[in-house]
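Participant: Fold the stuff below for me.
(chains A and B)
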2 protein chains.
Amino acid sequence: MNEFAMIRRYFTRPARRARLGVGDDAAVLVPTPGTELLVSTDLLVAGRHFFADVDPAALGHKTLAVNLSDIAAMGGEPVWAVLGAALPTLDEAWIAAFCDGLFALAERTGVDIVGGDTTCGPLTLSVTIGGEVPAGQAIRRDGARPGDEIWVSGQLGLAAAALAHLSGEARLSAPLLAECRKRLEWPEPRIGLGMALRGIASAMLDISDGFAGDLGHILERSAVGATVDIDALPTDNRLERAIWRDAIAAGGDDYELCFTAPPAQAAAVRAAAARAGVDVTRVGVIDAAPGLRLLDAQQRPVHLKRNGFDHFA
Amino acid sequence: MNEFAMIRRYFTRPARRARLGVGDDAAVLVPTPGTELLVSTDLLVAGRHFFADVDPAALGHKTLAVNLSDIAAMGGEPVWAVLGAALPTLDEAWIAAFCDGLFALAERTGVDIVGGDTTCGPLTLSVTIGGEVPAGQAIRRDGARPGDEIWVSGQLGLAAAALAHLSGEARLSAPLLAECRKRLEWPEPRIGLGMALRGIASAMLDISDGFAGDLGHILERSAVGATVDIDALPTDNRLERAIWRDAIAAGGDDYELCFTAPPAQAAAVRAAAARAGVDVTRVGVIDAAPGLRLLDAQQRPVHLKRNGFDHFA
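Facilitator: You can find the predicted model right below:
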């Protein structure tokens, strides 16, 4: 199998919405009238973002899922994606499994893989994703206002707990590990919830580098502060908070949505979450005073060992 | 300097056309009414697509240029790009020079860098580019018809000659090497020519993997064949054809346009090229019979050592 055969066999599927997909210099897409275009990109490097020996089907899923999560975080509907892949060798079984994971999620979420680029090199994956949102309705990071409530979808800290176990830093029971690994390796982008929060959420992002650091981006872009009840952060009951507090609040790889909304929208938030079939939890409030104040259930200040994530630190 | 400071200092510039650029989960762009969206992506790996010690300003230029060339090859106008960069270290001087080359070309061609992703890893660069074309006017690979003439812009083989010299496989005189290196390291995407050929060219692509192999993609997608006068392929007079024939016909890294047009459009092709300020040369003709026939000036068949490029071969 050579490069062109690989592209034909594994990476070329009929486009459903694109006018022209894989096989030309560029894909051709027809914008939906009245929408704006959302574009986001992520680069995943073996040994840094994933273990080189990870299940390739899970890797295919996650490579797309983390990008879908960015479109969800804008309240957008994902439409297309392009894939760049540097592969050490043309391992056909690996590529077939990777594509199984990638295309299963693409098909389920209505995304056309409309182009890409493959080359030989250290295992690196790059996805750029495009989505659409009704004009003016993108949910940005800069719209949080003092008094807004802070919400989080799903559960936090499970992926970080799995990573700690797999790195030998902690030990989870087998059933809990299975659940945590599922969250680490097969994250579920919150597309339906993101779209349902249009016109309701005042600011939103997805939690990829840890709740506290990512919330910090909303605070910075919105020029506000926040007070958060760290013990209210949703997680799995089997993760003991005393041990896993840092993983829950700052662990990363959660791919849940963090958003703000005025208190008057609380019922609308809950209705949107019910429609999307995702749990949401109110965890704090936006303040006028800058800075992020983390308090425990007894209102005592909590300091995290880590706050956000710097890939070069 | 940490990752966030680097992004702020070097990669964040005011967006001119985007509604929202770097700094959120996704960029927000407003499609021009009546246009279709073009999307293309390229992945460049150190040691494979470029020497790891290449001038970082040239690398910044080329990383964007090869993507602009894909939009040019569709007859499109480039509008936005996103950049993924895996960097071994945060070398501030290197990053500053890379950005000088990248943004100089972006600004000159009207492209907003609207987002990206940086991480630590083996030096790898990924650009996805977006462009616009009036609805239905994208120039695809599948429109060549028997009788159409085959045209090439600029000169071929110079980049391949530079690469042969730098790899120690050949020796060029200093002035010729300077010219050839310029073509290898600072390719000029043919955006103006591509746009000028809308409604004139029947099929088009850019020559990145070598003329013969790339023309083969037009033949395959259009289900036609071609006869080409290999000695008519445009190159620098100082490159002796007997020695450099393979580099000219199949060397790669040219980033010139190869296109087809009915003979009745020959004057329109020349007028479009004159408007764009780029030379074009007629090099062959599309046949109904499949296959690519390369003939020399004496009408003798020519066989190349290499035909196209397989990154995994």
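Participant: residues from the stretch 151-300 of chain A in reach of chain B?
Facilitator: Within the stretch 151-300 of chain A, the positions near chain B by C-beta under 8 Å from any C-beta of the partner chain are A:Met204, A:Leu205, A:Asp206, A:Arg221. For the C-beta atoms, the positions are set from N, CA and C on the backbone; glycine is no exception.
Participant: List the contacts of the first one.
Facilitator: Applying C-beta atoms under 8 Å, 6 or more residues apart in numbering or on different chains to A:Met204 gives the contacts A:73-75, A:139-141, A:194, A:197, A:218, A:257-260, B:25.
Participant: Mind doing that once more with 10 Å?
Facilitator: Taking C-beta atoms under 10 Å, 6 or more residues apart in numbering or on different chains, we find A:Met204 in contact with A:72-75, A:138-141, A:143-144, A:151, A:153, A:190, A:193-194, A:197-198, A:218, A:257-261, B:24-25.
Participant: what are the phi and psi values for it?
Facilitator: Phi and psi for A:Met204, reported as degrees, to the nearest 10, are phi -160, psi 150.
Participant: can you give me the strands for chain A?
Facilitator: With strands called from DSSP state E, chain A shows them at A:27-29, A:35-45, A:77-87, A:112-120, A:124-134, A:149-153, A:203-207, A:225-229, A:256-261, A:280-287, A:291-295.
Participant: what would the ones you listed look like in CSV with distance to B:Ala297 and mean pLDDT?
Facilitator: Converted to CSV, the strands of chain A look like this (distance: least, C-beta to C-beta, whole Å; pLDDT from 0 to 100):
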stretch, distance to B:Ala297, mean pLDDT
strand A:27-29, 39, 93
strand A:35-45, 47, 94
strand A:77-87, 41, 95
strand A:112-120, 36, 91
strand A:124-134, 44, 96
strand A:149-153, 69, 98
strand A:203-207, 61, 97
strand A:225-229, 75, 97
strand A:256-261, 66, 98
strand A:280-287, 73, 98
strand A:291-295, 74, 95
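Participant: Burial-wise, tell me which of these comes out on top.
Facilitator: With neighbours taken as mean count of other C-beta atoms under 10 Å in any protein chain shown, the strands of chain A reach their highest mean count in strand A:256-261, at a mean of 28.
Participant: Quick one: list the elements packing against it.
Facilitator: In terms of contacts (3 or more C-beta pairs under 10 Å, 6 or more residues apart in numbering or on different chains; DSSP states H and E), strand A:256-261 is packed against helix A:56-72, strand A:149-153, helix A:191-196, strand A:203-207, helix A:211-222, helix A:266-276, strand A:280-287.
Participant: ok, and for the least confident helix or strand in chain A by mean pLDDT, which residues are buried?
Facilitator: Lowest on mean pLDDT, DSSP states H and E among the helices and strands of chain A sits helix A:3-6, with a mean of 76. Buried residues in helix A:3-6, counted by 16 or more other C-beta atoms under 10 Å in any protein chain shown: A:Glu3, A:Phe4, A:Met6.
Participant: restrict these to contacts with chain B.
Facilitator: A:Glu3, A:Phe4, A:Met6 (C-beta under 10 Å from any C-beta of the partner chain).
Participant: Out of those residues, the closest to chain B would be?
Facilitator: Comparing these against chain B with C-beta to the nearest C-beta places A:Glu3 closest, at 4.7 Å.
Participant: Am I right that the closest one is in contact with A:Leu90?
Facilitator: Yes - the pair A:Glu3 / A:Leu90 is scored as a contact, 7.5 Å apart, by C-beta atoms under 10 Å.
Participant: any weak-confidence spans in the stretch 51-200 of chain A?
Facilitator: Scanning the stretch 51-200 of chain A for pLDDT under 70 picks out nothing.
Participant: 80 - rerun?
Facilitator: A:51 (pLDDT under 80).
Participant: quick one, domains of chain A?
Facilitator: A:3-134, A:149-295 (automatic domain parsing).
Participant: re earlier: can you tell me which of the residues of the stretch 151-300 of chain A next to chain B comes closest to B:Ala276?
Facilitator: When those are ranked by distance to B:Ala276 (C-beta to C-beta), A:Arg221 comes first, at 41.5 Å.
Participant: That closest one contacts A:Gly143, doesn't it?
Facilitator: Yes - counting by C-beta under 10 Å, A:Gly143 is a contact partner of A:Arg221 at 8.7 Å.
Participant: okay, and the common contacts of these two?
Facilitator: Contacts common to A:Arg221 and A:Gly143, judged by C-beta under 10 Å, 6+ apart, are A:Ala203.
Participant: how long is stretch A:113-127 end to end?
Facilitator: 10 Å (C-alpha to C-alpha, to the nearest Å).
Participant: Is it correct that A:Asp296 is in contact with A:Thr227?
Facilitator: No - if you go by C-beta under 10 Å, A:Asp296 and A:Thr227 don't touch, sitting 12.0 Å apart.
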